[in-house]
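Chemist: 3D, please:
(4 chains)
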Protein chains: 2
Amino acid sequence: MFKKVLIAEDFQDTNRGIVDALRNKLNIREIQEELYCDTAYNRLKLALEKEASFDLLITDLFFKESHIDRKLSSGTELIKAAKTLQPSLKVIVNSMEDNPVKIKVLFHDYKIDGYVCKGRHSLVELVNAIDTVSVDKTYVSPQINLSVSNNVFELDEYDLLILKDLADGFSKKEIVEKFKRENISPNSESTIDKRVSKLFDEFGAKNTTHLIAKLTREGKI
Amino acid sequence: MFKKVLIAEDFQDTNRGIVDALRNKLNIREIQEELYCDTAYNRLKLALEKEASFDLLITDLFFKESHIDRKLSSGTELIKAAKTLQPSLKVIVNSMEDNPVKIKVLFHDYKIDGYVCKGRHSLVELVNAIDTVSVDKTYVSPQINLSVSNNVFELDEYDLLILKDLADGFSKKEIVEKFKRENISPNSESTIDKRVSKLFDEFGAKNTTHLIAKLTREGKI
DNA sequence: TAATCCTTTACGGAAAACTGTAAGGGATTG
DNA sequence: CAATCCCTTACAGTTTTCCGTAAAGGATTA
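Modeler: Residues are numbered from 1 along each chain as shown, chains lettered A, B, ... in the order given. Just a heads-up that it's a prediction; the model follows:
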């Protein structure tokens, strides 16, 4: 079981609940909390330098903006920095996010060990997650169905360039001009037309407005 | 000071923090928690019938969906029902929402007494809010600027009908047909054209796609 | 080398979006 | 009552979107 745990979470009241659960149900001795990504990172770094490193990081994904200038502003940035600093560190994410696609990215690209979706059973799940992760397995909240989203179409960088411009209200002709100006190729109106039409098929959209609305709602652009 | 408080909040770990704070800092004797809007409402009703009614309701706005069939599915519905049941009940909302326009609506239309925005200082603010509300004043988290949003363009119901259909990929002609079918008026293509053009001006959008992208990002549709 | 496949590009036509003008009707005001 | 304002609607003209066909060029394969 873990001995030293760091919690990064900007909701004061949520912190309390987690700390209570870890202390009482898992008998974890050393629990520290941070409200900001930057300070959490500094604490991890300091502990590592003093050879008293943390075993587990429990972090949220979203942190409210603050007046203080920050280098790290989101959970994903914190995770990336923390894993670079200390690859052995186990990471459990505890967040509102329930989009399987995004959670999948956390496991694939950010190599997290557990994901707990905030909700009615958060605390019970978090305890289970810590148990599971402590024996080198991965944990995901049962209500999240990661397999559903296997055949989701991925957006490559070029598609994203087009989509973002469309969402910003540019016409196809304007996008053509912009691409030519910035030496982005291909840059014919015809190609851009075809790309967007392909995305209509992939995402089941009837027209540009529909497509952009869908992708915006899903947080993909 | 309040004697009997009900907390409606579907995040288990958040509940814990609030209960602790109320008990320790405010010496409130009777604190009950509910994870669902419906059960919260039933508890309010039961207490009223037994002449042991609650003084204060602290509720979130968003509740995760559950497998159980519910009559009330959001905090606003709970507030509406609760105020109808027991007009004297004080209500403090504790939620993620930080859009001043939406918070303003809670005070105007739902007659809430306090609003605490979940964040780093939630607990401290909540204690302040309870203090303030207990002497018949209203409380709003200091970071929320209700006055800023005075000149924000409001979307009326009719505009929203159009916008939602556009976001769902309907063409203007299809919207016209739909409106006529559902006896929604006005329903000429010309009027719908004009409404949308007005929204372009108000929100600084270049075309429909741009408008829908903006409003979707802002969570207005 | 020839055949094949894929991507880019050009082009054309129907449909839709966008804009401006103008007419009609209901409500308000002097 | 007439003048005015506001909203709805019709219509027309330009631009843009959307979709199909087809040609050109590059890379891969037999």
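
Chemist: what residues go with each domain of chain A?
Modeler: A:4-140, A:157-217 (automatic domain parsing).

Chemist: so which of these is nearest B:Asp60?
Modeler: Among the domains of chain A, the nearest to B:Asp60 by C-beta to C-beta is domain A:4-140 (11.3 Å). Yep, even glycine has a C-beta here, placed from its N, CA and C like the rest.

Chemist: quick one: end-to-end length of that closest one, please.
Modeler: Domain A:4-140 has an end-to-end distance of 22 Å (C-alpha to C-alpha, to the nearest Å).

Chemist: hmm, it touching chain B?
Modeler: Yes: residues of domain A:4-140 contacting chain B under C-beta under 8 Å from any C-beta of the partner chain: A:10-18, A:20-21, A:35, A:64, A:66, A:96, A:118-124, A:126.

Chemist: before we move on, back to that, tell me the most buried of the domains of chain A?
Modeler: Across the domains of chain A, the average number of neighbours (mean count of other C-beta atoms under 10 Å in any protein chain shown) peaks for domain A:4-140, which reaches a mean of 18.

Chemist: give me the mean pLDDT for that domain.
Modeler: For domain A:4-140, the per-residue pLDDT values average out at 90.

Chemist: using the three-state scheme, assign A:Leu78.
Modeler: Taken by DSSP: H, G, I helix; E, B strand; the rest coil, the conformation at A:Leu78 corresponds to helix.

Chemist: quick check: nearest residue in space to it, chain neighbours excluded?
Modeler: A:Cys37 (4.3 Å; C-beta to C-beta, 6 or more residues apart in numbering or on different chains).

Chemist: the one you found: what's it in contact with?
Modeler: With contact taken as C-beta atoms under 8 Å, 6 or more residues apart in numbering or on different chains, A:Cys37 is in contact with A:8, A:63, A:70, A:72-75, A:77-78.

Chemist: reformat the residues you listed as a markdown table; add secondary structure.
Modeler: Shown next, in a markdown table, are these (three-state DSSP):
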| residue | secondary structure |
| --- | --- |
| A:Ala8 | strand |
| A:Phe63 | coil |
| A:Arg70 | coil |
| A:Leu72 | coil |
| A:Ser73 | coil |
| A:Ser74 | strand |
| A:Gly75 | helix |
| A:Glu77 | helix |
| A:Leu78 | helix |
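
Chemist: ok, so of the residues you listed, who is nearest chain B?
Modeler: Of all the contacts of A:Cys37, chain B sits closest to A:Phe63, with 8.8 Å by C-beta to the nearest C-beta.

Chemist: ok, the closest one touching A:Ser74?
Modeler: Yes: judged on C-beta atoms under 8 Å, A:Phe63 makes contact with A:Ser74 at a distance of 6.4 Å.

Chemist: which residue is nearest the centroid of chain A?
Modeler: Nearest to the geometric centre of chain A sits A:Thr76, at 5.0 Å (C-alpha atoms, centre = their mean).

Chemist: wait, that one sits on A:Asp60?
Modeler: No: here A:Thr76 lies out of contact with A:Asp60, judged by C-beta under 8 Å, at a distance of 10.6 Å.

Chemist: any idea how far the closest residue in space to A:Val140 that isn't next to it in sequence is from A:Gln143?
Modeler: Nearest residue to A:Val140, sequence neighbours excluded (C-beta to C-beta, 6+ apart): A:Tyr115, at 4.9 Å. Between A:Tyr115 and A:Gln143 the computed distance is 11 Å (C-beta to C-beta, to the nearest Å).

Chemist: one more: A:Lys3?
Modeler: A:Lys3 sits 30 Å away from A:Gln143, going by C-beta to C-beta.

Chemist: what of A:Asp20?
Modeler: On the measure of C-beta to C-beta, A:Asp20 and A:Gln143 end up 23 Å apart.

Chemist: repeat for A:Ile58
Modeler: A:Ile58 sits 19 Å away from A:Gln143, going by C-beta to C-beta.

Chemist: same check, this time on A:Lys180
Modeler: A:Lys180 is 48 Å from A:Gln143, by C-beta to C-beta.

Chemist: equivalent analysis for A:Gly219, please.
Modeler: According to C-beta to C-beta, A:Gly219 and A:Gln143 sit 19 Å apart.

Chemist: the two: which is more packed in?
Modeler: A:Gln143 (14 against 11; other C-beta atoms under 10 Å in any protein chain shown).

Chemist: can you check the pLDDT for that one?
Modeler: At A:Gln143, the pLDDT recorded in the model is 83.

Chemist: put the alpha carbons of the helix or strand containing A:Glu202 into CSV.
Modeler: Assigned by DSSP states H and E, A:Glu202 belongs to helix A:189-203. Below are the C-alpha coordinates for helix A:189-203, written out as CSV (Å, rounded to 0.1, in the frame of the first residue of the first chain):
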residue,chain,number,x,y,z
GLU,A,189,-11.0,24.8,-52.2
SER,A,190,-11.8,21.4,-53.7
THR,A,191,-9.6,19.5,-51.3
ILE,A,192,-10.9,21.4,-48.3
ASP,A,193,-14.5,20.7,-49.6
LYS,A,194,-13.7,17.0,-49.8
ARG,A,195,-12.1,16.8,-46.4
VAL,A,196,-15.1,18.5,-44.7
SER,A,197,-17.5,16.2,-46.6
LYS,A,198,-15.6,13.2,-45.4
LEU,A,199,-16.0,14.5,-41.8
PHE,A,200,-19.7,14.9,-42.4
ASP,A,201,-19.8,11.1,-43.1
GLU,A,202,-17.6,10.2,-40.2
PHE,A,203,-19.4,12.2,-37.6
